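A.B. asks: A structural model of the following input is requested.
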Amino acid sequence: MSSTTEFLVQVRGLVTREANLQYSDFTEGPLSPHLDVHPIVPQFTGIATPISSLFEMVSPLSESTHVIFHASDEFQATIPLEELQHALLLFQQDEKPLKKGFPVRLIVPNGSSECLNVKSVVKIEFVHHTEPEEKATFGFKNLVAPTEL
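C.D. replies: Numbers count the residues shown, from 1 in each chain. This next block holds a predicted model:
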């Protein structure tokens with residue numbers, strides 16, 4: 001299992017204050033309230049914080065239209081800001097950091113996408129899309145090294 005010293009979620013992009021979030025930011029810091037996720041999304045257990053608390057902490061700029069959630073396995077989801085009103089960041093199970101989905105898992109209970117959650121989120125990036133998409137998009141980044149072309 002990963003230790004709390006490896007726990008890092010970067011928040012970047014169109015925000016007033018970028019952040020490097022540690023486990024303590026979720027358990028003892030400004031990211032609250034803490035909610036039992038099971039009554040909200042029954043297929044999950046653990047403790048989450050509403051993403052609105054992250055928004056309050058970093059203050060997205062008015063030109064921010066979407067948020068890209070980057071996972072440690074190169075998966076990413078781009079979600080319109082308005083779809084994130086009820087989103088949660090799951091960070092704890094059994095009073096410890098997540099085993100599956102470490103460091104945090106995004107859960108979007110009423111999003112337009114079939115991708116209800118993104119596990120192992122390591123970076124949250126606020127961006128502006130000039131042609132806003134109506135629905136969330138997701139998939140793996142296709143990273144090809146120049147030597148592989």
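A.B. asks: hey, let's count contacts and neighbours off CA atoms from now on
C.D. replies: Noted.
A.B. asks: What is the burial count for Asp36?
C.D. replies: 16 (other Cα atoms under 10 Å).
A.B. asks: hang on, isn't it packed against Pro42?
C.D. replies: No. Between Asp36 and Pro42 there is no contact under Cα atoms under 8 Å: 10.2 Å.
A.B. asks: can you map out the helices along this protein?
C.D. replies: 23-27, 51-58 (DSSP state H).
A.B. asks: What does the pLDDT read for Met1?
C.D. replies: Looking at Met1, its pLDDT reads 45.
A.B. asks: average model confidence for stretch 72-91?
C.D. replies: 92.
A.B. asks: mind saving the C-alpha coords of it as PDB?
C.D. replies: The C-alpha trace of stretch 72-91 is given here as PDB (Å, rounded to 0.1, in the frame of the first residue of the first chain):
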ATOM      1  CA  SER A  72      -1.500   8.100 -12.500                       C
ATOM      2  CA  ASP A  73      -2.100   5.500 -15.400                       C
ATOM      3  CA  GLU A  74      -2.400   8.300 -18.100                       C
ATOM      4  CA  PHE A  75      -6.200   8.100 -18.000                       C
ATOM      5  CA  GLN A  76      -7.900  11.500 -18.000                       C
ATOM      6  CA  ALA A  77     -11.400  12.900 -17.900                       C
ATOM      7  CA  THR A  78     -12.400  16.400 -19.000                       C
ATOM      8  CA  ILE A  79     -15.600  17.500 -17.300                       C
ATOM      9  CA  PRO A  80     -17.500  20.800 -17.600                       C
ATOM     10  CA  LEU A  81     -17.500  22.800 -14.400                       C
ATOM     11  CA  GLU A  82     -21.300  22.700 -14.100                       C
ATOM     12  CA  GLU A  83     -21.300  18.900 -14.000                       C
ATOM     13  CA  LEU A  84     -19.100  18.900 -10.900                       C
ATOM     14  CA  GLN A  85     -21.600  20.500  -8.500                       C
ATOM     15  CA  HIS A  86     -22.200  17.200  -6.600                       C
ATOM     16  CA  ALA A  87     -18.800  15.600  -7.300                       C
ATOM     17  CA  LEU A  88     -16.800  14.100  -4.500                       C
ATOM     18  CA  LEU A  89     -13.100  13.300  -4.000                       C
ATOM     19  CA  LEU A  90     -12.800  10.000  -2.200                       C
ATOM     20  CA  PHE A  91      -9.600   9.900  -0.200                       C
END
